[in-house]
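Asks: Quick one, structure for this:
(chains A, B and C)
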Amino acid sequence: MATQHSRSAARLMMAPAVVLLLGWMLIPLTMTLYFSFKKYLPMRGGDLGWVGFENYSRFLSSSSFWPSITATLMIVGGVLIITVVLGILLAILLNQPMWGQGVVRILVIAPFFVMPTVSALVWKNMFMDPNYGLLAYLWKFFGAQPVEWLSQASLPSIIMIVSWQWLPFATLILLTAIQSLDGEQLEASEMDGASPLARFGYIVLPHLARAITIVILIQTIFLLSIFAEIFVTTGGAFGTKTLTYLIFQRVLESQNVGLGSAGGVYAIILANIVAIFLMRIVGKNLDA
Amino acid sequence: MGRITLDKVRKAFGDIEVIPPLDLTIEDGEFVVFVGPSGCGKSTLLRLIAGLEDVSGGQIRIDREDATELPPAKRGLAMVFQSYALYPHMSVRKNIAFPMKMAGVPHDEQERRIASAAKALNLTDYLDRKPGQLSGGQRQRVAIGRAIVREPAAFLFDEPLSNLDAALRVGMRLEISELHKRLATTMIYVTHDQVEAMTMADKIVVLQAGRIEQVGTPLELYNTPRNKFVAGFIGSPKMNLIEGDAATQHGATTIGIRPEHIGISAESGLWEGVVGVSEHLGSDTFFHVKVEAVGAEPLTVRASGEVSLKYGDRVFLSPDMKNLHKFGADGLRI
Amino acid sequence: MARAVTRNRKIINTAVAWGIGLLIFFPIFWTILTSFKTEATAIADPPVLFNFHWTLENYSVVMERSNYGRFLTNSIIIAGGSTILGIIIAVPAAWSMAFVPSPRTKDILLWMLSTKMLPAVGVLYPIYLMFIRMGLLDTRLGLVIVLMLINLPIIVWMLYTYFKEIPGEILEAARMDGASLKEELIYILTPMAIPGIASTLLLNVILAWNEAFWTLNLTAAKAAPLTAFIASYSSPEGLFYAKLSAASTMAIAPILILGWFSQKQLVSGLTFGAVK
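Replies: Numbering: from 1, shown residues only, chains lettered A, B, ... in the order given. Down below sits the predicted model:
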């Protein structure tokens, strides 16, 4: 259905979205690059001239840099593993015949509606507080010493909170994918003598490949930039300072825009490395 | 009026030329069928006429006017799609009214035309239903109704019956033929089914790889196929095509003989063979007979009524020499 | 594949699924419950479940403390406005990609998605400066624009996947029937895609509602939505569990209710239209 007429109409109709996103990408990016080569302290003298690559080397040699990369990757990786694995199990469970499936589904989706600031606050205070938190009561009930979650086990705690928010999403996508699995295929494999485990490995899992890719893609996009959860819970302390948060501190807390911008460029590079990986996989899987 | 002329029309997708320059004239009121195997370019050709694709070269004239650059809506043609392409969110009435609404036909006139189309197509009781609530045949009629009310210069049908089951297909075939007789409007009909082509067409255009192999009435194509391809494509079951010594004897590279032009007998005949699979249709019986003298492919032979020959029986075949088709080395009829 | 399953098996499934479902839902349930407790009962040891004196006091305290109505209005305008604006821009783009695909369509789509991977912090300061210069800082309009831009790739992608489900022949039929491009979009494509558009709308309202980076960093008193309303409870008021719970409930209730009422569209929306 492609005539010259419809092709030019298509270009015209795509233009607003493309131009807007191009502007949204390029203008701030150029400005960030510009600032990254300057000593720029808005509260302490403003623009203090060009400094070449000094911001870059300072950001890189700062003691917080590598830990922040580690923290970022740990959070993204941890949440992805937890949500995908639990999501698959939960999706298989929810696909079984049962009473009240609709209600269970509502219960499982609910965390997705909760805004990150709320979920972080609620988890931090009402569950993970070492004195009054519900988990502390639970630990005491079993005679154990309550854990100071957000200082002693800060990274796992944050991974847990974020996983709780994203598990519904993974579960739903995987559930939808499982429901679209052709029952005859499973029956055929059963006739061929495949055990339940073999059926899962050879039929169900390959069928879910595309859905898993989508889960990983979308979650990575959102997880690379999680902010509120850290802002509210630890404020970047106890080894939970992600790259995002580190830059945030440089720009807004220490008001060092030049240094922060250099960090921003690093963050963009990191995101691009991840993006190239993902897009490779996704591009292949999207055609299916 | 609906006289459509294609003048050196050409279509290429990138470097691949799917339709080399092609000339064709479709007279006003004619029922023309484009037939050919899948991928032969017949649907593309129809879409070029409809304006849903741009031509890469050449000219399309509708009633002497150059329509090459006109958008589909301005060509005054109506199209019935393979999937019917009904608007699922509109009732049957709204579906049929849509082209008139787009053309700004006055409301009374719309109602009048809907009523008459519905009556002609047995849709009066279904006007307020949604397409999803209709059977395949009814949907087909709605698609036709939507085309009729436009009072187009010509109707374009793109494999309209291929989604129907066999019984309905025969019925709709008759209905479309009757519609053509009644409206006497030009119709262009694309199909891969040569039976539809034979039964419906005034004129058949056989296409292969974007080229026109032959244009003619159904009987012309049947009786005097211009080349080996048409000979093999038109007719069901297919014409037997024989190469080798049996053909050279008749001064040809290939000879063709239709199943009904071969006599079968248990006692004597030109070729001796062994009966393979037989298909009993009641009125006819088709035997697949293996004849060593003419090659590895079994010959199909038609016998009227019920003939009792079993798998493995020895038989004699005698081709009717008057109806022998001869083709040269270039595949053309001699 | 309607296979008979033994009753016992179904009972076990039900028990396990409900158990896990309730476990996942528990933090929300606990928050809502705590919002009706007094501060003393909220931190009682051992925790109390139902046998406490129910009170609405926390809600009135929260209402007094801050202007909930204004935060709520801001949230509604920002989330709704950015989504509707995004859809208006995305529908034509998605139409082009779905129905007039070119070899570059997929690249453009992936590029659009990749702009979402640009770390927001990396460009926070430039945006901040531009907002000051254009007078958009702490305005609803500013946030509507920013949230529209960050969600636009997702909206385009979702609409694209929904549109691709619509057979191209139907749009061609409309064209043959004399519809112009505009009429084709208005009379045929949009009505046929209503379920998909609804899902897209819902999901993006939720994403925008919960967005907490730009809304926290680009607003102050005037345009702050509920994310900022709740962030003000981070400390030290966070230790007043009952009030924190009341504020939390007020922040998430609108979306929770919206989500539950439109579950069907939402489920399809949550899969971003990408999984059938």
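Asks: Please enumerate the strands of the chain.
Replies: In the absence of a named chain, chain A is used. Using DSSP state E, the strands found in chain A span residues A:38-41, A:46-50.
Asks: What is the neighbour count of A:Ala198?
Replies: A:Ala198 is flanked by 13 other residues according to other Cβ atoms under 10 Å in any protein chain shown. Just so you know, the C-beta spots here come from the backbone N, C-alpha and C atoms, and that holds for glycine as well.
Asks: Output the below-cut-off pLDDT ranges for the stretch 151-276 of chain C.
Replies: For the stretch 151-276 of chain C, the stretches with pLDDT under 70 are C:235-239, C:267-276.
Asks: Next up, phi/psi of B:Ile257, please.
Replies: phi -140, psi 130 (degrees, to the nearest 10).
Asks: Tell me the confidence at the closest residue to it other than its chain neighbours?
Replies: Nearest residue to B:Ile257, sequence neighbours excluded (Cβ to Cβ, 6 or more residues apart in numbering or on different chains): B:Pro319, at 4.8 Å. Model confidence at B:Pro319, given as pLDDT, is 88.
Asks: same question, B:Ala209
Replies: As predicted, B:Ala209 sits at a pLDDT of 88.
Asks: For it, which non-adjacent residue is closest in space?
Replies: Nearest residue to B:Ala209 in three dimensions, chain neighbours excluded: B:Cys40, at 6.2 Å (Cβ to Cβ, 6+ apart).
Asks: How about the backbone phi and psi for that neighbour?
Replies: Main-chain torsions, B:Cys40, degrees, to the nearest 10: phi -90, psi 0.
Asks: Would you confirm that it contacts B:Val205?
Replies: No. In this structure, B:Cys40 is not within contact of B:Val205 by Cβ atoms under 8 Å, at 10.5 Å.
Asks: can you count the residues close to residue 141?
Replies: In the absence of a named chain, this looks at chain A. The number of residues near A:Phe141, taken as other Cβ under 10 Å, comes to 10.
Asks: nope, chain C
Replies: The tally of other residues near C:Leu141 (other Cβ under 10 Å) stands at 14.
Asks: before we move on, what about the one 10 residues further on?
Replies: Close neighbours of C:Asn151, defined as other Cβ under 10 Å, add up to 26.
Asks: which ones are touching the spatially most central residue of chain C?
Replies: By Cα atoms, centre = their mean, chain C has its centre lying nearest to C:Ile206, at 0.9 Å. C:Ile206 sits next to A:112-113, C:79, C:255, C:258-259, C:266 when contact means Cβ atoms under 8 Å, 6 or more residues apart in numbering or on different chains.
Asks: Mind doing that once more with 10 Å?
Replies: For C:Ile206, the residues meeting the contact criterion (Cβ atoms under 10 Å, 6 or more residues apart in numbering or on different chains) are A:112-113, A:115, C:79, C:83, C:255-256, C:258-259, C:266, C:269-270.
Asks: wouldn't the residue nearest to B:Ile257 be in contact with B:Ala246 here?
Replies: Yes. Using Cβ atoms under 10 Å, B:Pro319 is in contact with B:Ala246, at 9.3 Å.
Asks: residues bridging contact with those two, i.e. touching both?
Replies: Joint contacts of B:Pro319 and B:Ala246 (Cβ under 10 Å, 6+ apart) are B:255, B:257, B:270-271, B:294.
Asks: Quick check: the residue nearest to the centre of chain C vs A:Trp66, distance?
Replies: 35 Å (Cβ to Cβ, to the nearest Å).
Asks: hmm, stretch C:191-200 touching chain B?
Replies: Yes. Applying Cβ under 10 Å from any Cβ of the partner chain, one finds stretch C:191-200 touching chain B at C:191-194.
Asks: Make a PyMOL selection of the buried ones in these.
Replies: Buried subset of the residues of stretch C:191-200 next to chain B, written as a PyMOL selection, criterion 16 or more other Cβ atoms under 10 Å in any protein chain shown:
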select buried, chain C and resi 192+193
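Asks: Could you tell me how many residues sit around the closest residue to chain B within chain A?
Replies: Using Cβ to the nearest Cβ, A:Thr3 is the residue of chain A that sits closest to chain B, at 4.6 Å. Residues lying near A:Thr3 (other Cβ under 10 Å) number 20.
Asks: need the contact list for C:Ala94.
Replies: A:13-14, A:17, C:87, C:109, C:155-164, C:189, C:193, C:196-197, C:200.
Asks: nearest spatial neighbour of it, skipping sequence neighbours?
Replies: C:Leu159 (3.6 Å).
Asks: quick one, which of the strands of chain A is packed in tightest?
Replies: Of all those, strand A:38-41 has the most neighbours on average by mean count of other Cβ atoms under 10 Å in any protein chain shown, namely a mean of 20.
Asks: just to revisit the earlier point, ok now the helix or strand where the residue nearest to C:Ala94 lies, how far from the chain's centre?
Replies: Per DSSP states H and E: C:Leu159 is located in helix C:140-164. Remark: helix C:140-164 is offset 12 Å from the chain centroid, using Cα atoms, centre = their mean, to the nearest Å.
Asks: Pull out the buried residues from it.
Replies: Residues of helix C:140-164 classed as buried by neighbour count (16+ other Cβ under 10 Å): C:140, C:142-164.
Asks: One more: stretch A:124-144?
Replies: Neighbour-count burial for stretch A:124-144, counted by 16+ other Cβ under 10 Å, picks out A:124-130, A:132-137.
Asks: quick one: which of these is nearest to B:Ser283?
Replies: Nearest to B:Ser283, judged by Cβ to Cβ, of the buried residues of stretch A:124-144 is A:Phe127 at 82.5 Å.
Asks: Check the contact between the closest one and C:Ile28; I expect there is one.
Replies: No. In this structure A:Phe127 lies outside contact range of C:Ile28 using Cβ under 10 Å: 11.8 Å.
Asks: Can you check which helix is longest in the chain?
Replies: By default, I'm working from chain A. Longest helix in chain A by number of residues (criterion: DSSP state H): helix A:4-36.
Asks: Actually, chain C is the one I wanted.
Replies: Longest helix of chain C, by residue count under DSSP H: helix C:68-99.
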